[in-house]
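Trainee: Here you go, sequence then predicted model.
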Amino acid sequence: MPGPILNTFPSQGQSRYKRRMPHVSMNNQDAIKALRGPVRLRTLTGLRWLAVAGQTTAISIVHFGLGFPTPLGLCLGAIAASAWLNLFVMLRFSPQRILSDREAGAYIAFDILQLCTLLAITGGLLNPFSALIIAPVTIAASLLPLRLTVMISALAVAGVSLLSLYHMPLPWTPGEALSLAPIYKAGVWAALTFSILFFAAYAHRIETESAQMRSALAATQLVLDREQRMSALGGLAAAAAHELGTPLATIQLTAKEMMRDIQDNEELRDDAALLVSQAERCRDILGRLSRHGDEGDMMHDRIDVDPLLREAASPFLDPPPASEDKPVHINIEMRSLDGAPEPTLQRRPEIIYGLRNFIENAVDFAGSEVVIVAAWNKETLTISIRDDGPGFAADILARLGEPYVSVKSGLRRSAKHKKGMGLGFFIAKTLLEGTGARIEFHNRRWGDGPEQSGAVVSAFWPLGRLSAAPIA
């Protein structure tokens with residue numbers, strides 16, 4: 001199934017300040033729906049065949065093995081109805097057929113009704129196999145959206161309630177009657193009802209979080225692929241220059257032969273001479289491009305901390321026009337904790353992108369200033385991004401970095417930006433942690449006002465994971 005679609009390229013009319021992070025165009029529920037399925041017909045028919053086999057075995061053991069008299073005809077009729085439906089859909093449709101949510105819900109609803117019918121014939125809630133009614137509800141909760149999950153759960157609860165009131169006697173030893181106190185029957189009903197509701201809520205919650213994580217990781221991978229492609233442009237330019245050299249040499253050689261063959265035609269000779277000169281010019285340009293591409297690759301692989309931070313913050317260093325937003329000043333500070341020189345790092349596009357995403361959020365919520373602090377010693381590098389805004393709300397601080405938890409949904413007070421999906425922090429945190437970073441979010445006091453708590457995002461790296469190899 002396709003993941004979220006990223007709008008990675010801004011339009012030409014956007015200003016530099018507006019060229020920020022790519023955003024996910026699908027909303028949260030669409031992303032979850034896209035990654036929840038698909039459900040194949042073969043999956044549900046396979047589960048139903050297991051149910052048919054289990055029910056047939058249980059009835060046979062009770063009736064023939066234990067000698068308990070059962071309404072065998074009614075029981076086998078209920079089981080045969082389930083088997084007949086399986087045969088019908090297998091002959092009518094392909095096993096690979098993708099079911100819609102409604103079709104899958106109808107299949108599971110039939111299984112609940114069939115099981116309730118079988119239980120009603122064999123003792124209702126007194127039948128120990130009545131606990132199996134939880135199984136189709138759990139399957140529905142893991143496959144279907146919330147609305148259909150609620151409907152399936154309600155059907156199961158209604159079936160359990162009816163079974164507690166109306167059912168045939170439990171198959172038992174001939175001549176003896178099994179009688180249980182009404183309070184026990186009520187307890188069984190309560191246990192099954194709460195179990196249905198609990199398992200439905202639990203399975204649906206787990207599947208929803210799993211779908212959210214898959215959606216967010218797909219978005220992260222698309223962002224990383226885009227950043228890596230952009231980072232590789234220098235090498236691609238050198239490769240393109242190398243590949244174009246051969247056809248240009250052929251064009252130049254052919255044009256020179258044409259000049260020798262058309263000495264008597266001055267106009268054609270001039271055109272051929274123009275072709276030779278322009279081909280030579282193209283070869284010079286490609287030669288420079290190839291050399292610059294090689295140099296660019298070496299420069300791209302190594303970067304100091306200060307240029308790294310300035311590149312990450314580059315979309316926000318130029319303040320926006322006065323008519324758009326209040327300018328936010330970005331201050332970059334460099335600190336050596338033990339006198340060690342500024343480290344030279346491997347150039348990693350995921351580091352630049354992740355830091356840029358955190359810087360964007362700080363700029364969004366800052367009052368007037370964002371401070372980016374890089375501190376290092378011989379073993380570690382720490383980069384902190386601080387803003388003088390209202391800080392992170394207490395109820396979201398512990399959840400930052402989870403997918404679809406947005407700091408722009410009103411939890412940080414800001415009127416400047418609309419609600420986001422909450423993927424920005426997740427993508428940035430995931431990318432940076434992939435480079436060996438440890439990410440922390442907290443608030444710190446900034447200024448004299450009680451509302452100025454200030455948000456701080458800090459990333460800690462062991463330098464061994466980032467340091468560039470020395471040039472030979």
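Mentor: Perfect, thanks for sending it.
Trainee: Sketch out the helices for the stretch 51-200 of the chain, chain order is fine.
Mentor: Residue ranges of the helices in the stretch 51-200 of the chain, as given by DSSP state H, counting those that start in this stretch, are 72-92, 101-121, 134-143, 146-165, 182-231.
Trainee: Go through the fourth one and flag the buried ones.
Mentor: Along helix 146-165, these residues count as buried under the neighbour rule (16 or more other Cβ atoms under 10 Å): 148-150, 152-153, 155-157, 159-160, 163-164. Quick note: C-beta positions are derived from backbone N, CA and C, even for glycine.
Trainee: closest to A272 among the residues you listed?
Mentor: Using Cβ to Cβ, L148 comes nearest to A272 of the buried residues of helix 146-165, at 74.6 Å.
Trainee: How much space separates the closest one from A141?
Mentor: 9 Å (Cβ to Cβ, to the nearest Å).
Trainee: try L126
Mentor: With the distance defined as Cβ to Cβ, L126 ends up 27 Å from A141.
Trainee: cool, Q346 as well?
Mentor: Applying Cβ to Cβ, the value for Q346 to A141 is 46 Å.
Trainee: How about F441?
Mentor: Distance of F441 to A141, given as Cβ to Cβ: 32 Å.
Trainee: again with L466
Mentor: Counting by Cβ to Cβ, the gap from L466 to A141 is 44 Å.
Trainee: neighbour-wise, which of Q346 and A141 wins?
Mentor: Looking at Q346 and A141 with other Cβ atoms under 10 Å, you find the greater number of neighbours at A141, namely 26 against 15.
Trainee: Spell out which residues sit in contact with the more buried one, please.
Mentor: Remark: with contacts taken as Cβ atoms under 8 Å, 6 or more residues apart in numbering, A141 is in contact with 149, 152-153, 199-204, 207.
Trainee: Need the pLDDT of it.
Mentor: According to the predicted model, the pLDDT of A141 comes to 87.
Trainee: Need the pLDDT of the most far-flung residue of the chain relative to its centre.
Mentor: Outermost residue of the chain with respect to the C-alpha centroid, by Cα atoms, centre = their mean, is D264; its distance is 70.2 Å. Here, the pLDDT recorded for D264 equals 72.
Trainee: Give me the three-state assignment for it.
Mentor: Three-state assignment for D264 (DSSP: H, G, I helix; E, B strand; the rest coil): coil.
Trainee: Please state the backbone phi and psi of it?
Mentor: Torsion angles at D264 (phi, psi; degrees, to the nearest 10) stand at phi -80, psi -20.
Trainee: How about L170?
Mentor: Residue torsions, per degrees, to the nearest 10, at L170 are phi -70, psi 130.
Trainee: so it sits right up against L125, yeah?
Mentor: No - between L170 and L125 there is no contact under Cβ atoms under 8 Å: 9.6 Å.
Trainee: Report the mean confidence score over the one helix or strand A459 maps to.
Mentor: Taking DSSP states H and E as the criterion, A459 maps to strand 455-462. Mean per-residue pLDDT for strand 455-462: 91.
Trainee: and if you look at stretch 105-120?
Mentor: Here stretch 105-120 scores 92 as its mean pLDDT.
Trainee: Would you mind listing the buried residues in that stretch?
Mentor: For stretch 105-120, burial by neighbour count (16+ other Cβ under 10 Å) applies to 105, 107-120.
Trainee: Burial check on E379, number of neighbours?
Mentor: Other residues lying near E379 total 12 when counted by other Cβ under 10 Å.
Trainee: quick one, what contacts the closest residue to it other than its chain neighbours?
Mentor: Counting by Cβ to Cβ, 6 or more residues apart in numbering, E379 lies nearest to L463, which is 5.9 Å off, once chain neighbours are set aside. Contacts were defined as Cβ under 8 Å, 6+ apart; by that measure L463 touches 343, 376, 378-381.
Trainee: if we go to 10 Å?
Mentor: When contacts are counted by Cβ atoms under 10 Å, 6 or more residues apart in numbering, L463 touches 340, 343, 345, 376-381, 436.
Trainee: which regions of the stretch 1-150 of the chain lie under the pLDDT threshold?
Mentor: Across the stretch 1-150 of the chain, the stretches falling below the confidence threshold (pLDDT under 70) are 1-38.
Trainee: Report the buried members of the contacts of L463.
Mentor: Buried, going by 16+ other Cβ under 10 Å: 343, 345, 376, 380-381, 436, out of the contacts of L463.
Trainee: for those, which one is nearest R260?
Mentor: The shortest separation between R260 and any of the buried ones among the contacts of L463 is 56.4 Å, and it belongs to L345 (by Cβ to Cβ).
Trainee: Any chance of the backbone angles for the closest one?
Mentor: Dihedral angles (degrees, to the nearest 10) for L345: phi -110, psi 160.
Trainee: residues touching the nearest residue to G159 once chain neighbours are set aside, list them.
Mentor: The shortest distance from G159 to any non-neighbouring residue, by Cβ to Cβ, 6+ apart, is to C116 (3.9 Å). Residues in contact with C116 (Cβ under 10 Å, 6+ apart) are 78, 124, 130, 133, 155-156, 158-160, 162-163, 167.
Trainee: Apply 8 Å and report the result again.
Mentor: For C116, counting by Cβ under 8 Å, 6+ apart, the contacting residues are 133, 159-160, 162-163.
Trainee: Please identify which two of the residues you listed are farthest apart in space.
Mentor: I133 and L162 (11.7 Å).
Trainee: Just the buried ones out of the contacts of A141, please.
Mentor: Members of those that pass the buried threshold by neighbour count (16+ other Cβ under 10 Å) are listed as 149, 152-153, 199-200, 203-204, 207.
Trainee: tell me how far the ends of stretch 50-70 are from each other?
Mentor: 22 Å (Cα to Cα, to the nearest Å).
Trainee: which residues of the stretch 251-400 of the chain fall in strands?
Mentor: Taking DSSP state E, counting those that start in this stretch, the strands of the stretch 251-400 of the chain run over residues 302-304, 329-336, 344-346, 369-376, 380-387.
Trainee: what sits up against stretch 374-381?
Mentor: Stretch 374-381 is contacted from outside by 305-306, 309, 332-338, 340, 342-343, 345, 382-384, 460-464, 466, using Cβ under 8 Å, 6+ apart.
Trainee: One more: stretch 61-76?
Mentor: Contacts of stretch 61-76 from elsewhere in the structure, counted by Cβ under 8 Å, 6+ apart, are 55-56, 59, 118, 121-122, 168, 171-174.
Trainee: if you set the cut-off to 10 Å instead, what comes out?
Mentor: The contact list for stretch 61-76 (Cβ under 10 Å, 6+ apart) reads 55-60, 77-78, 83, 117-118, 120-123, 127, 129, 168-174.
Trainee: again, but for stretch 51-59
Mentor: For stretch 51-59, using Cβ under 10 Å, 6+ apart, the contacting residues are 65, 70-72, 75-76, 78-83, 85-86, 111, 114-115, 118, 121-122, 127-129, 132, 135-136, 171.
Trainee: One more pass at 6 Å, please.
Mentor: Stretch 51-59 is contacted by residues 75, 79, 82-83 when judged by Cβ atoms under 6 Å, 6 or more residues apart in numbering.
Trainee: taking the mean pLDDT, what do you get for stretch 195-209?
Mentor: If you average the pLDDT values across stretch 195-209, you get 85.
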